[in-house]
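Peer 1: the following comprises the amino acid sequence and a computationally predicted model.
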Amino acid sequence: MKLKEIAERLGCSLEGDADVDILGVAGIERAQPGQITFVSNPRYRHAIRSTRASAALLTKNFAVERDPALPSLAVLRSADPQLDFARAIELFHQPPPYPPGIHPTAVIASTARIGAGAHIGPYCFVDENVEIGRNAVLHSFVTLYRDAKIGDDFFAHAHVVVREACRIGHRVLLQNGVVIGADGFGFAKLPDGGWRKTLQAGIVVLNDDVEVQANSCVDRATIGETRVERGVKIDDLVLVGHSSTIGENSVLCGQSGLAGTTTIGNRCILAGQVGVAGHLTIGDGATITAQSGVPNDVPAAVLYSGYPAIDNKQWLQNMAALNHLPKLLKTVRRLEEEIAKLGADNAAQSSGR
C-alpha cells in the first residue's frame, strides 16, 4: 500500500515520499524498511533518530531529527498518533472470518433463540431460553447458562461462561476464560464461627461496547444487578465484586479488584493492581495509579496514588521524604548522642562544684 493512500485513509497530512510502499506496521524500536511506526510517549522521542521505519505517525509539532547515515523518514502528521496507529494496524491485519453455522459437537437447547449469522464452535453449550442476537461468534467451549440474554455482534472466545439470566448488550467482546455472573463472595458468619452462604440472587448487566479481557470475573449481585456501563474496558485478571457499578468508558487495568457494592464513575482509570474496598464511590474522571489501595471515597477528576490513596502530588512528596528517612534517622541518633554527652558533662561539672 502506498503511503499516500494510508495518509488519505487516516486523514493525516503527509511529509516526504508519498509513493513509498508500506507493507506493515511495527513498534518504533523494531520497525524495518517498508513499515510504519508511531511516537506518542515522550520516552520514545529519541528513537525517531535511529528508527529504520519508512514512515512514522507523529504529532504536528514533533521535530524530526535523523541520523544522517539512515534513509529519510516520511512523516504522517496526526492529532493522535496512538489512535491513528491503531487504525493503521487494521489496514494490514484482519481477524480470521467465522462463517455462520453450528458445529456438530455444540449442544443447543430447543428453547434457545439464536439470531441470524451466528457462528457456534466446537463443544459450546447454550442452555434453555437463551437469546442471542445477530452475528454472534461463540468460539469453542463457550457456555451460556439458561435465560441469558445477549445482543448483536457478540464475540466470546474459548472457555467463556455467561451465567444464568445475565444481560449483555451489543458488540460485547469477552476474551478467553472470562466468567460473567459467577456467585459473589457473600457469606454470613455463624455463631459457631462457620460461614453460611448468602444466596446470590441478582444478575450482571454488561451494556454495549464492553470488552472484558482474559480470565477476568464480573460477579453477580446478591440482589439486583452488577452493572458495567457502555464502553467500559476491563483488562486481564480483574475482579468486579457483586453489586458494583462501573460507569461509562471507564478502564480497569490488570489485576485490579473491586470489593462488593463499589461504584466507579464515568471515564475513570484504575491502573494495574488497584484495590478498592467495598461500599465506596469513585467520582467521574478520577485516575488511580498502579498498586494503590482505596479505603475511602474518591472525588471526581483527581489523580490519586498510594495506600491509603491520596492526592498524587502529596504522595510524591511523601515518597521523596521517605527516601531521606535513613539519613534523617542517623542525624537524630547523632543529635541524641550529643545531647546525652552534653547532659553527662553538665552533670559532672555540677557534682565537682
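Peer 2: Thanks, I have it.

Peer 1: every contact and neighbour count from this point should use C-alpha atoms.
Peer 2: Fine.

Peer 1: burial count for N249?
Peer 2: Per other C-alpha atoms under 10 Å, the neighbour tally for N249 reads 19.

Peer 1: identify the residues contacting it.
Peer 2: If you count contacts by C-alpha atoms under 8 Å, 6 or more residues apart in numbering, N249 has them with E229, R230, G231, V232, K233, N266, R267, C268.

Peer 1: where in the protein is pLDDT low?
Peer 2: 352-353 (pLDDT under 70).

Peer 1: list phi and psi for the residue nearest the centre of it.
Peer 2: Note on the chain: the residue nearest the mean C-alpha position is C253, at 3.1 Å, using C-alpha atoms, centre = their mean. Main-chain dihedrals, C253, degrees, to the nearest 10: phi -90, psi 170.

Peer 1: wait, it sits on I234?
Peer 2: Yes - with contact defined as C-alpha atoms under 8 Å, C253 counts as touching I234 (6.3 Å).

Peer 1: go ahead and confirm V232 touches V251.
Peer 2: Yes - contact criterion C-alpha under 8 Å: V232 and V251 qualify, at 5.9 Å.

Peer 1: run a quick neighbour tally on K60.
Peer 2: For K60, the count of nearby residues is 15 (other C-alpha under 10 Å).

Peer 1: let the chain start at 15 from now.
Peer 2: Shifting the count to begin at 15 puts that one at K74.

Peer 1: spatially nearest residue to it (excluding sequence neighbours)?
Peer 2: R91 (5.2 Å; C-alpha to C-alpha, 6 or more residues apart in numbering).

Peer 1: the one you found and G289, how far apart?
Peer 2: In this view, R91 and G289 are 39 Å apart by C-alpha to C-alpha, to the nearest Å.

Peer 1: domains in the chain, by residue range?
Peer 2: 17-106, 115-327, 336-367 (automatic domain parsing).

Peer 1: centre of the chain to the shortest one, how far?
Peer 2: Between the centre of domain 336-367 and the centre of its host chain there is 53 Å, according to C-alpha atoms, centre = their mean, to the nearest Å.

Peer 1: cool, stretch 287-301 as well?
Peer 2: The answer for stretch 287-301 is 14 Å, by C-alpha atoms, centre = their mean.

Peer 1: what's the first-to-last distance across it?
Peer 2: Using C-alpha to C-alpha, the two ends of stretch 287-301 sit 13 Å apart.

Peer 1: mind listing residues that contact that stretch?
Peer 2: 267-285, 302-318.

Peer 1: in strands only, show me the residues you listed.
Peer 2: G271, L272, T277, I278, I283, L284, I302, G307, V308, L317, Y318 (DSSP state E).

Peer 1: hey, which of the domains of the chain is tucked in deepest?
Peer 2: Counting by mean count of other C-alpha atoms under 10 Å, domain 115-327 has the highest mean neighbour count of the domains of the chain, with a mean of 21.

Peer 1: all helices of the stretch 65-214 of the chain, in order?
Peer 2: Remark: helices assigned in the stretch 65-214 of the chain by DSSP state H, counting those that start in this stretch are 95-106.

Peer 1: can you check the stretch 265-367 of the chain too?
Peer 2: 326-337, 339-365.
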